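> This is the structure alone, sequence omitted:
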Ligand code: G1P
């Protein structure tokens, strides 16, 4: 059973300055809902109720968002506006939120390692709120839900992948793998490279911001050396794990918006606005 989801949320979000000067990038809204709320909702849809968030000293707005806002609630009590807080209040009451603060910016692998005290010794999900995924078919399940199904079958770490244009590959971790189940689009990973140049990219199969990790990843991360840029990469740790046992890559069903880029953020906003009949 996967009961916990880790949300690395200590990044600076410099691409969105000045908006992210005082507002955490995970709190930027798509319409009226912050990215991190979409993320938490995805975890809930995969029956995960324990949200473990890696923050830093400038991200207190995140903790406040997933807590009661008594003064505000008092002010709008009895008005139609109460309805607007219904969804988030239900989430706050249903899920448990735990936090740890990251003090140094040393890469995604380091952020995940920082979350260890919140996770303990059990398999867990990792969700990067920048990658906002929607379903293609109405009766599809969320990406994390799909991945947990794959995890239940293989009991090893799982990464979600997507084929991207080769001129975009430098933004991603990339996998090489053997197709083991074409009904499920699952691959056994044989190699992984973090952010290759298009010329050096072994494939165009990019890792997106969803992982199921087995807890041995923490010890591997501790021993993973920083890369050229001084960052500890989860991709490098997963490569070690794939050599020690198995790592599975899964081509998820759905559509992803890269909300870490302004273009992707605008596309996501347009998608949701159209879907809700706003434009
Ligand atoms: C991180 C990972 C990368 C992965 C990407 C998915 O990169 O390091 O392997 O492909 O997330 O969004 P970042 O976007 O933090 O630079």
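Thanks, I have the structure now. All values derive from a computational prediction rather than experimental measurement. Residues are numbered from 1 along each chain as shown.

> use CA for all of it now, contacts and neighbours both
Will do.

> what's the model's confidence in the helix or strand hosting residue 267, averaged?
Applying DSSP states H and E as the criterion places residue 267 in helix 262-275. Confidence for helix 262-275, expressed as mean pLDDT, is 97.

> Quick one: list the elements packing against that helix.
Contacts defined by 3 or more CA pairs under 8 Å, 6 or more residues apart in numbering; DSSP states H and E place helix 262-275 against strand 29-30, strand 255-258.

> Arrange these in TSV, one row each, with mean pLDDT, distance to the ligand and mean neighbour count as further columns.
As requested, the helices and strands packed on helix 262-275 are arranged in TSV below (pLDDT from 0 to 100; distance: least, CA to the nearest ligand atom, whole Å; neighbours: other CA atoms under 10 Å):
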stretch	mean pLDDT	distance to the ligand	mean neighbour count
strand 29-30	98	18	18
strand 255-258	97	8	18
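
> Mind jotting down where the strands sit in the stretch 1-150 of the chain?
Assigned strands in the stretch 1-150 of the chain, in chain order: 4-8, 29-30, 33-34, 50-55, 96-101, 124-127, 131-134 (criterion: DSSP state E, counting those that start in this stretch).

> Just name the most buried of those strands.
The highest average neighbour count among the strands of the stretch 1-150 of the chain, using mean count of other CA atoms under 10 Å, belongs to strand 4-8 at a mean of 26.

> Report all helices and strands that that one contacts.
Packing partners of strand 4-8 (3+ CA pairs under 8 Å, 6+ apart): strand 50-55, helix 108-114, strand 124-127.

> pLDDT value on residue 182, please?
Looking at residue 182, the pLDDT reads 84.

> ugh, wrong one, I meant residue 76
95.

> and of the strands of the stretch 1-150 of the chain, who's closest to residue 274?
Taking CA to CA, strand 29-30 is the member of the strands of the stretch 1-150 of the chain nearest to residue 274, at 12.2 Å.

> Show me what the closest one is packed up against.
Packing partners of strand 29-30 (3+ CA pairs under 8 Å, 6+ apart): helix 262-275.

> what residues does the stretch 151-279 of the chain put near the ligand?
172-173, 194, 206-209, 235 (CA under 6 Å from any ligand atom).

> Now for these, which sits with the most neighbours around it?
Neighbour tally across those (other CA atoms under 10 Å): the maximum, 29 neighbours, falls on residue 206.

> Do I have it right that that one meets residue 177?
No: contact between residue 206 and residue 177 fails when scored by CA atoms under 8 Å: they sit 11.7 Å apart.

> and the two most separated of the residues of the stretch 151-279 of the chain next to the ligand?
Farthest-apart pair in these is 194 and 209; separation 13.2 Å (CA to CA).

> show me where the chain has helices.
For the chain, helices defined by DSSP state H occupy the ranges 35-45, 60-65, 70-76, 86-94, 108-114, 116-119, 143-154, 217-223, 234-244, 262-275.

> how many other residues sit next to residue 189?
Residue crowding around residue 189 was assessed by other CA under 10 Å; the count is 24.

> go on, residue 159?
Residue 159, neighbours per other CA under 10 Å, totals 28.

> wait, what's in contact with it?
207-208, 210-212, 247-250 (CA atoms under 8 Å, 6 or more residues apart in numbering).

> Now tabulate these in TSV and tack on pLDDT and distance to residue 157.
Listed next are the contacts of residue 159 as TSV, based on pLDDT from 0 to 100; distance: CA to CA, whole Å:
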residue	pLDDT	distance to residue 157
207	98	13
208	98	14
210	98	11
211	98	7
212	98	5
247	98	5
248	98	6
249	98	9
250	98	11
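
> And those, which two are furthest apart?
That would be 208 and 247, which, of those, are the farthest apart (CA to CA) at 14.8 Å.

> distance of the spatially closest residue to residue 222 that is not a sequence neighbour from residue 217?
Nearest non-adjacent residue to residue 222, counting by CA to CA, 6 or more residues apart in numbering: residue 113, 7.5 Å away. Computed with CA to CA, to the nearest Å, the distance linking residue 113 and residue 217 is 9 Å.

> again with residue 169
Distance of residue 169 to residue 217, given as CA to CA: 25 Å.
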